[in-house]
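Student: Please find the sequence and the predicted model below.
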Amino acid sequence: MSKFANVVTIEVAPGRRDQVVTSLTAHKARVKDEPGTLQFEVHLNGPSLAQWKEETAGMVVKLHGVRCVVVD
């Protein structure tokens, strides 16, 4: 399996930054033991990301990601 990294930019609603960071930190803790996770990783269709999207509803204005292949 090739290694890759997703670089994501999250645009947060005014005044909601701290709440989004707290929720994202909790998401990171939930996915740390998922197979294939070398560092903080978000699975687009996973249950933890779905939970994070619910927790941050109305706080996240825009989510933009770029997938990058890691070259050894």
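Tutor: Yep, it's here.

Student: what residue ranges in the protein score low on pLDDT?
Tutor: Residue ranges of the chain with pLDDT under 70: 1, 41-42, 44-45.

Student: all strands for it, in order.
Tutor: For the chain, applying DSSP state E gives strands covering 4-12, 60-69.

Student: List the contacts of K53.
Tutor: V60 (Cβ atoms under 8 Å, 6 or more residues apart in numbering). C-beta coordinates here come from the backbone N, C-alpha and C atoms, glycine included.

Student: One more: R30?
Tutor: Contact analysis of R30 by Cβ under 8 Å, 6+ apart lists 48, 51.

Student: hang on, the earlier thing: of the strands of the chain, which is nearest Q51?
Tutor: Closest of the strands of the chain to Q51 is strand 60-69, at 13.6 Å (criterion: Cβ to Cβ).

Student: Mind listing the strands that closest one pairs with, and their directions?
Tutor: Sheet pairing of strand 60-69 (DSSP bridges) gives strand 4-12 (antiparallel).

Student: Could you list the residues in contact with the partner strand?
Tutor: With contact meaning Cβ under 8 Å, 6+ apart, strand 4-12 is reached by 20, 24, 41-42, 59-70.

Student: Ok, stretch 65-72 next?
Tutor: 2-9.

Student: Can you give me the neighbour number for the residue nearest to W52 when sequence neighbours are not counted?
Tutor: Nearest residue to W52 in three dimensions, chain neighbours excluded: H27, at 4.4 Å (Cβ to Cβ, 6 or more residues apart in numbering). Residues near H27, counting by other Cβ atoms under 10 Å, number 20.
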